[in-house]
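J.: Curious how this folds, go ahead:
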Amino acid sequence: HTYLHLYNRVHIHLDLPLHWDFAEKEGVVSVFLNSYRKLHTTRSWDFLGLKNSAKRSNMESDIIVALMDTGVQPDLESFNDKGFGPPPPKWKGSCHKFPNFTGCNNKIIGAKYFHLSDDIGPEDQPSPIDIDGHGTHTASTAAGSLVRGASLYGLASGTARGAVPRARLAIYKVCWSLGCSSVDLLAAYDEAIADGVDIISASLGGPSYELFNDPIAIGTFHAMKKGILSVCSAGNDGPTLSTITNVAPWIFTVAASTSERQFKTLVRLGNGRKLEGVSVNTFSPSKKNYPLINGAKAGNGTRNPYLFPSYCDFGTLDPKKVKGKIVYCIDDGGGQDMSVAAAKGFGTIINSASYEDTAFTFMISTAILNNVTSKQVTNYIKSTRSPKAVIYKSHTINVTKAFVASFSSRGPSWLSPNILKPDIAAPGVDILAAFSTLTTVTGNIEDKRISKFNIISGTSMSCPHVSGAAAYVKSFHPTWSPAAIKSALMTTARAMRNKANRNKEFDYGAGLLDPIRAINPGLIYDADEISYIQFLCKEGINVTNLRHLTGSKWANCSAVPRARGSDGLNYPAMQLQMPDGQDHASGLFWRTVTNVGPPKAVYKARVWAPQGMKVNVRPNTLSFTRVGQKSSFKVMVSGTGLGKRVLLGGYLVWDGAHHSVRSPIIVFQNGFMG
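T.: So this is what the prediction gives:
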């Protein structure tokens with residue numbers, strides 16, 4: 001397959017030994033192996049302040065949001081095109097009908113699929129149709145049409161919609177049962193760029209490769225060159241530090257936060273004691289009580305050194321002991337609901353040592369309890385010869401402060417430790433959005449529940465929130481660069497100081513997304529292709545890899561001015577990495593801001609210095625007389641007495657008469673990365 005629009009690339013099948021021979025041929029810049037990325041699996045917009053009654057631009061219907069995912073189910077109400085006119089003239093894409101795919105309309109204006117590697121499973125369907133549900137969910141979160149009365153079997157009932165309900169959607173199916181391959185991703189970026197999209201949303205990722213060997217970094221770089229902002233999920237490998245993916249500075253990397261709502265599931269034991277668990281349980285009990293049994297007492301005699309009935313491992317439970325009962329299981333990596341369901345059990349109570357900030361759906365009535373609460377279950381079972389319990393349908397509770405979910409991947413980035421990642425946080429926990437009816441609620445074929453909406457968690461869900469917000473900003477400022485839109489969203493983000501986020505900016509980036517403030521940020525930190533090439537040169541990239549990444553045979557570090565400062569990029573955050581054991585920290589950051597607010601404006605620097613550090617801003621006052629005027633300044637950070645594995649956070653705020661432009665300042669030592 002030849003990639004026509006990025007630059008001269010070709011996908012061919014080679015035996016592994018021939019890969020090295022081919023790489024040595026004249027005219028071949030580089031060769032990298034095909035690999036697979038994985039998916040990073042509605043009141044959230046109201047929570048973010050973007051209400052349905054919010055100010056709208058009449059350009060919203062000209063904005064095209066591209067989704068790279070598992071496809072879409074186009075005939076759902078979330079993608080209806082009532083009141084839509086024809087696609088904007090800039091649209092150059094296409095759409096065709098396929099088996100189970102009814103085609104496009106004036107909402108979904110394009111749909112394509114890519115499986116160039118031919119590595120798809122027997123259940124996969126070669127069409128843009130979504131048989132997984134993930135792509136339908138992310139597309140409707142970003143730009144779904146308004147649907148009243150949405151819920152998952154009565155849970156989270158309300159009106160579902162995207163950030164930009166009048167925007168258009170272009171669907172690029174790149175993910176299959178085996179994952180999302182590099183060659184398919186590159187082909188999709190190639191097509192999306194040529195089709196004329198405005199925003200690309202990709203809720204997927206994989207290991208952080210060098211940028212010149214990362215298909216997402218390469219594809220998004222070429223999108224940036226064409227004025228297209230790419231938004232990607234941070235990954236679901238938290239809370240371990242330095243697990244962040246999609247770390248290129250031209251990518252908008254999104255962490256997952258909670259919103260103001262959480263799902264809880266009540267368990268009542270036969271002795272009347274009520275315990276609060278976590279799950280998205282759609283099942284209502286039909287009886288007052290059910291027999292309760294410990295999985296350790298429900299075994300079928302299986303003699304396998306790796307499978308245990310106490311964990312309710314699959315195939316270890318005896319249906320004669322389990323049928324119609326609630327089984328108490330110890331969590332050992334999941335799957336207890338499937339095991340109990342296979343043994344004809346009614347439900348399961350799971351003792352889990354993992355984090356309790358995220359609720360998930362299960363095949364049968366299920367509640368997750370923490371270790372402390374679970375002791376009451378074990379003590380009760382031991383106290384009576386006929387233990388009983390009941391699990392109720394889930395309910396919601398209000399949460400006062402949002403925090404970053406435990407699963408959300410954390411910074412800092414190993415590849416570019418002086419660039420803040422993640423960039424921002426957005427709701428990604430218990431998100432209700434449209435879902436494919438060609439799969440079940442849990443994705444298990446034994447599950448009988450089919451729903452047009454589902455509640456899912458992951459950075460996959462936070463990513464389309466930022467994609468939608470970026471489209472919202474773009475609708476007001478169609479000429480802004482990708483970096484300008486990113487800057488507007490970062491510098492207007494709400495500060496997050498919840499104690500649950502002990503890794504500070506490495507948890508949430510610049511803060512929590514605030515779309516309304518972002519359409520009028522006052523000042524922006526802009527960057528272009530040359531800016532990123534300067535950054536890459538400062539990072540030490542060689543000419544071969546630079547040309548491989550940029551697609552330009554003329555790219556050369558000697559041809560661009562040398563990047564200045566500790567990070568070498570006009571980024572909306574300032575981050576300084578220090579060697580372990582170094583007592584003194586010192587960094588210099590050069591920045592340029594562009595006035596996008598009132599023509600005449602004065603901004604004064606206000607600093608919250610990281611603890612023990614001094615921050616000097618020169619000049620500390622910026623004056624503007626026109627829109628588009630630029631002004632430069634430098635930020636000097638210094639301090640002594642740094643502790644081991646230190647992480648220090650502060651802020652620089654440019655205060656004007658009507659705007660506050662906030663940028664994080666982070667200082668950390670290498671040891672903080674583990």
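J.: tell me, how many neighbours does residue 561 end up with?
T.: Residues contacting residue 561 under the criterion other Cβ atoms under 10 Å number 8. Heads up, the C-betas are built off the backbone N, CA and C, glycines and all.
J.: Look up how far residue 590 lies from it.
T.: Distance, residue 561 to residue 590, by Cβ to Cβ, to the nearest Å: 12 Å.
J.: And for residue 174?
T.: Taking Cβ to Cβ, one finds residue 174 at 38 Å from residue 590.
J.: Give me the more crowded residue out of these two.
T.: Using other Cβ under 10 Å, the more surrounded residue of residue 174 and residue 590 is residue 174, with 29 against 16.
J.: Tell me the secondary structure of residue 588, please.
T.: Three-state assignment for residue 588 (DSSP: H, G, I helix; E, B strand; the rest coil): strand.
J.: Wait, it touches residue 567, no?
T.: No: counting by Cβ atoms under 8 Å, residue 588 stays clear of residue 567, with 9.5 Å between them.
J.: more crowded one of these two?
T.: Using other Cβ under 10 Å, the more surrounded residue of residue 588 and residue 567 is residue 567, with 27 against 15.
J.: The more buried one belongs to a strand?
T.: No: assigned with three-state DSSP, residue 567 falls outside any strand and is coil.
J.: who's in contact with it?
T.: Residue 567 sits next to 418-419, 535, 574-576, 589 when contact means Cβ atoms under 8 Å, 6 or more residues apart in numbering.
J.: Show me which of those is closest to residue 612.
T.: The closest of those to residue 612 turns out to be residue 576 (Cβ to Cβ; 13.2 Å).
J.: Return the backbone torsion pair for that closest one.
T.: phi -130, psi 120 (degrees, to the nearest 10).
J.: mind listing what it touches?
T.: For residue 576, the contact set (Cβ under 8 Å, 6+ apart) comprises 418, 566-567, 585, 587, 637, 666-668.
J.: among the residues you listed, which two are most distant?
T.: 567 and 585 (14.1 Å).
J.: For the residue nearest to residue 400 when sequence neighbours are not counted, the count of nearby residues, please.
T.: The shortest distance from residue 400 to any non-neighbouring residue, by Cβ to Cβ, 6 or more residues apart in numbering, is to residue 260 (7.8 Å). Counted with other Cβ under 10 Å, the neighbours of residue 260 add up to 16.
J.: Tell me how far residue 260 lies from residue 361.
T.: From residue 260 to residue 361 the distance is 21 Å (Cβ to Cβ).
J.: Please apply the same query to residue 648.
T.: From residue 648 to residue 361 the distance is 40 Å (Cβ to Cβ).
J.: Looking at those two, which has the bigger crowd around it?
T.: residue 361 (26 against 22).
J.: Can you report phi and psi for the more buried one?
T.: The phi and psi values for residue 361, taken as degrees, to the nearest 10, are phi -90, psi 150.
J.: For it, give its distance to residue 282.
T.: Taking Cβ to Cβ as the measure, residue 361 falls 7 Å from residue 282.
J.: Which residues are in contact with each of the two?
T.: Shared contacts of residue 361 and residue 282, defined by Cβ under 8 Å, 6+ apart, are found at 152, 441.
J.: Just give the number of residues close to the nearest residue to residue 529 once chain neighbours are set aside.
T.: The spatially closest residue to residue 529, leaving aside those adjacent along the chain, is residue 225, at 5.3 Å (Cβ to Cβ, 6+ apart). Applying other Cβ under 10 Å, we find 18 residues neighbouring residue 225.
J.: returning to what we had before: in contact with the residue nearest to residue 400, which residues?
T.: Contacts of residue 260 (Cβ under 8 Å, 6+ apart): 43, 47, 398-400, 402.
J.: do you know how far it is from residue 608?
T.: For residue 260, the distance to residue 608 - Cβ to Cβ - is 26 Å.
J.: Also residue 457?
T.: Taking Cβ to Cβ as the measure, residue 457 falls 32 Å from residue 608.
J.: likewise residue 339?
T.: From residue 339 across to residue 608, the span is 51 Å (Cβ to Cβ).
J.: List the buried residues in the longest helix seen in the chain.
T.: Ranked by residue count under DSSP state H, the longest helix found in the chain is helix 459-476. Neighbour counts over helix 459-476 (16 or more other Cβ atoms under 10 Å) mark 459-476 as buried.
J.: what's the answer for stretch 126-134, then?
T.: 127-134.
J.: cool, and stretch 347-365?
T.: By 16+ other Cβ under 10 Å, the buried positions in stretch 347-365 come out as 347-352, 356-365.
J.: How far off centre is that stretch?
T.: Here the centre of stretch 347-365 is set off from its chain's centre by 22 Å, with Cα atoms, centre = their mean, to the nearest Å.
J.: ok, now stretch 166-178?
T.: From the chain centre to the centre of stretch 166-178 is a distance of 15 Å (Cα atoms, centre = their mean).
J.: Ends of it, what's the gap?
T.: Length of stretch 166-178, first residue to last, Cα to Cα, to the nearest Å: 34 Å.
J.: Any idea what residue 350 is bridged to?
T.: Following DSSP bridges, residue 350 is listed with bridge partners residue 329, residue 368.
J.: list the contacts for it?
T.: Listed by Cβ under 8 Å, 6+ apart, the contact partners of residue 350 are 329-331, 336, 366-369.
J.: which of those are buried?
T.: Buried members of the contacts of residue 350, scored by 16+ other Cβ under 10 Å, are 329-331, 336, 366-369.
J.: Just flag the most distant two among the contacts of residue 567.
T.: 535 and 576, at 15.4 Å, using Cβ to Cβ across these.
J.: follow-up on the earlier one: where is pLDDT lowest across the buried ones among the contacts of residue 350?
T.: pLDDT across those is lowest for residue 331, at 91.
J.: shouldn't that residue be in contact with residue 351?
T.: Yes: contact criterion Cβ under 8 Å: residue 331 and residue 351 qualify, at 6.2 Å.
J.: Name the spans of the chain whose pLDDT lies under the cut-off.
T.: Applying pLDDT under 70 to the chain flags the ranges 1-42, 118-119, 641-645, 673-674.
J.: Can you give me the end-to-end span of stretch 434-453?
T.: Span of stretch 434-453 from end to end, Cα to Cα: 4 Å.
J.: In it, which residues are buried?
T.: Neighbour-count burial for stretch 434-453 [16+ other Cβ under 10 Å]: 434-442, 447, 451-453.
J.: Residue 228 is in contact with residue 193, correct?
T.: Yes: using Cβ under 8 Å, residue 193 makes contact with residue 228 at a distance of 6.5 Å.
J.: Identify each of the strands in the stretch 201-350 of the chain and give its residue range.
T.: 204-205, 229-233, 251-257, 261-269, 274-277, 290-294, 326-330, 347-351 (DSSP state E, counting those that start in this stretch).
J.: What pairs with the longest one, parallel or antiparallel?
T.: In its sheet, strand 261-269 lies beside strand 274-277 (antiparallel), strand 388-391 (antiparallel), strand 395-398 (antiparallel), with partners assigned from DSSP bridges.
J.: now the first one
T.: Strand 204-205 sits in its sheet next to strand 36-39 (antiparallel), going by DSSP bridges.
J.: try the second one
T.: The pairing partners recorded for strand 229-233 under DSSP bridges are strand 199-202 (parallel), strand 251-257 (parallel).
J.: Now do it against helix 459-476, angle only.
T.: 160 degrees (axes from the mean of the first three to the mean of the last three Cα atoms, to 10 degrees).
J.: Show me what strand 229-233 is in contact with.
T.: Everything outside strand 229-233 that qualifies as a contact, by Cβ under 8 Å, 6+ apart, is 40, 198-205, 216, 219-220, 223-224, 245-246, 250-254, 256, 458-460, 462-464, 466-467, 470, 474, 482, 485-486.
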